[in-house]
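[1] Below are the sequence and a predicted model; questions follow.
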Amino acid sequence: MTAVPLTPAAILPEDEANLVGRIWLPRPGGGEPLVVSVAKSRVYDLTKRFATVSELLNATLPAVSARPRRGVDIDIGSVADFLPSMPGAALPADKPYILAPCDLQPIKAAGVTFIVSLRERVIDEAARGDPVRAAALRHRISTELDNYLSCVKPGSAEAAAAKSWLVANDLWSQYLEVAIGPDAEIFSKAPPLSSVGVGANIGILRQSAWNNPEPEVVLAVNRRGVVVGATLGNDVNLRDIEGRSALLLGKAKDNNGSCAIGPFIRLIDGAFGMDEIRQLEVSLRIIGEDGFALDGLSRMLQISRDPEDLVRQTIGPHHQYPDGFMLFLGTMFTPTGDRGERNRGFTHKVGDIVTIRSPQLGALVNRVDYCDAIAPWAFGIHDLLNCVRRRSCAT
């Protein structure tokens, strides 16, 4: 089984959408990121008006500001012009390509917001990152958690009663605290500018023997705490490392190529808003070079905390984000079936093609490789400031 080549039809939303993102434009001696909008598969350069996507999303009406202006915003080509032939394919040095659609925004993530994620985190912790022990624990823990937590609202009196029962039956976990307690788990997934976009390689550590993708909806939130758009993300996770200790979350989550976002941010407008985000369906497809294939489907309706509640727990009088932020809403799907040896569960292999798709958001497609084998993260905030300075001097 082979991966589907990358085309505009394969990655763009199925309906007309107001999309913004970034394109890497090679130039002699280096290159620079462009802020772009996408309309009818055409890409328009907005960089003369907005130096960063963060600036655009912090505008009063981003959906209006992103509309191409005749005589100002230049049509630089079709989406097809910026896609590699296949995910992870090496690109000529002079070929432009699609970047992750965010720039200065910190990448935040909410953990264990779906019961399937909660179940697997509790299992990871109990098994100490061992997939064989996890397989033995999964049935008992899954049954108990489903019985007591499937209808519990986090922070409620029912949640407190469930906690008491779980403690009494030696089933309590630190993951259960953030799943049903009043405070959500909000952590930093990746630094600004480190995320990779559609078509790029995503990374896993060589020492990890048990890892998986985490397909998620990602909110684009402005500096005022208002959700202004949504996109897709892959919160690549090393289960064996996090399972050894939750204090290793940074090592399990934040590595070169471990955060993919895209393909573009769909802006909130009259046709797409929070109600549509709450009803999104997200599919996951993994295709391996060994012929392995896996499919899954998840629904945002199954989330335990409302997306806007997660935003409020991230930003407010207690914490400000002047450049806005991107917020992963939590994984809805964790593959557990064996991929080879019995009771070893699923883990990635180099060459896997991961496709995360939603009809309203498009498709985020990436290839798996080792963190030290893929292109290193080399373009940081200092480089972006230099680009902005050169543009200012040129005008």
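    Received, thanks.
[2] going forward, measure contacts and count neighbours with C-alpha atoms only.
    Noted.
[3] Could I have the CA atoms of stretch 35-55 written out in PDB?
    What follows is stretch 35-55 as a C-alpha-only set of coordinates in PDB (Å, rounded to 0.1, in the frame of the first residue of the first chain):
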ATOM      1  CA  VAL A  35       2.400  35.400   5.300                       C
ATOM      2  CA  VAL A  36      -0.300  34.100   2.800                       C
ATOM      3  CA  SER A  37      -3.900  33.600   2.300                       C
ATOM      4  CA  VAL A  38      -5.500  30.900   0.100                       C
ATOM      5  CA  ALA A  39      -8.600  31.400  -2.100                       C
ATOM      6  CA  LYS A  40      -9.700  28.800  -4.600                       C
ATOM      7  CA  SER A  41      -6.400  27.000  -4.400                       C
ATOM      8  CA  ARG A  42      -4.500  30.200  -5.300                       C
ATOM      9  CA  VAL A  43      -1.900  31.600  -2.800                       C
ATOM     10  CA  TYR A  44      -1.700  35.400  -2.100                       C
ATOM     11  CA  ASP A  45       1.300  37.100  -0.400                       C
ATOM     12  CA  LEU A  46       0.000  39.300   2.400                       C
ATOM     13  CA  THR A  47       3.500  40.100   3.700                       C
ATOM     14  CA  LYS A  48       3.400  43.800   2.600                       C
ATOM     15  CA  ARG A  49       0.500  44.300   5.100                       C
ATOM     16  CA  PHE A  50       1.400  41.700   7.800                       C
ATOM     17  CA  ALA A  51       4.900  40.900   8.900                       C
ATOM     18  CA  THR A  52       3.700  37.800  10.800                       C
ATOM     19  CA  VAL A  53       0.700  35.500  11.100                       C
ATOM     20  CA  SER A  54       0.500  36.600  14.700                       C
ATOM     21  CA  GLU A  55       0.000  40.200  13.600                       C
END
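[4] residues in contact with L46?
    Applying C-alpha atoms under 8 Å, 6 or more residues apart in numbering, we find L46 in contact with 34-37, 66, 68, 73-74.
[5] how close does it get to I381?
    19 Å (C-alpha to C-alpha, to the nearest Å).
[6] hmm, back to that, what is the nearest of the contacts of L46 to A161?
    Sorting the contacts of L46 by distance to A161 puts A66 at the head of the list, at 48.5 Å, by C-alpha to C-alpha.
[7] residue contacts, that closest one?
    If you count contacts by C-alpha under 8 Å, 6+ apart, A66 has them with 18-20, 37, 46, 56.
[8] Tabulate those residues (TSV), appending distance to L91, pLDDT and secondary structure.
    Compiled in TSV, those are given as follows (distance: C-alpha to C-alpha, whole Å; pLDDT from 0 to 100; DSSP: H, G, I helix; E, B strand; the rest coil):
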residue	distance to L91	pLDDT	secondary structure
N18	28	97	coil
L19	24	98	strand
V20	23	98	strand
S37	23	98	strand
L46	24	98	coil
L56	29	98	helix
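[9] As TSV, the residues you listed with distance to V116 would be great.
    Conversion of the contacts of A66 to TSV gives the following (distance: C-alpha to C-alpha, whole Å):
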residue	distance to V116
N18	32
L19	31
V20	32
S37	35
L46	40
L56	35
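[10] Show me which of the residues you listed are buried.
    Neighbour counting by 16 or more other C-alpha atoms under 10 Å classes 18-20, 37, 46, 56 among these as buried.
[11] Any of the contacts of L46 buried? List them.
    With burial judged by 16+ other C-alpha under 10 Å, the buried subset of the contacts of L46 is 34-37, 66, 68, 73-74.
[12] Distance-wise, check C102 relative to G199.
    The value you get for C102 to G199, if C-alpha to C-alpha is used, is 16 Å.
[13] sorry, back to before: return the member of the contacts of L46 nearest to D269.
    Using C-alpha to C-alpha, the shortest approach to D269 within the contacts of L46 belongs to A66, at 11.2 Å.
[14] how about the strands in the stretch 251-395 of the chain?
    Read by DSSP state E, counting those that start in this stretch, the stretch 251-395 of the chain holds these strands, from start to end of the chain: 259-267, 281-287, 293-299, 325-328, 353-358, 362-370.
[15] Which of those strands has the lowest mean pLDDT?
    When the strands of the stretch 251-395 of the chain are ranked by mean pLDDT, strand 293-299 comes last with a mean of 91.
[16] who does that one touch, helix- and strand-wise?
    Contacts of strand 293-299 with other secondary structure elements, assessed using 3 or more C-alpha pairs under 8 Å, 6 or more residues apart in numbering; DSSP states H and E, are made with strand 281-287.
[17] So which residues of the stretch 101-250 of the chain form helices?
    When assigned using DSSP state H, counting those that start in this stretch, the helices of the stretch 101-250 of the chain occupy the ranges 115-127, 131-149, 157-168, 174-180, 239-244, 249-253.
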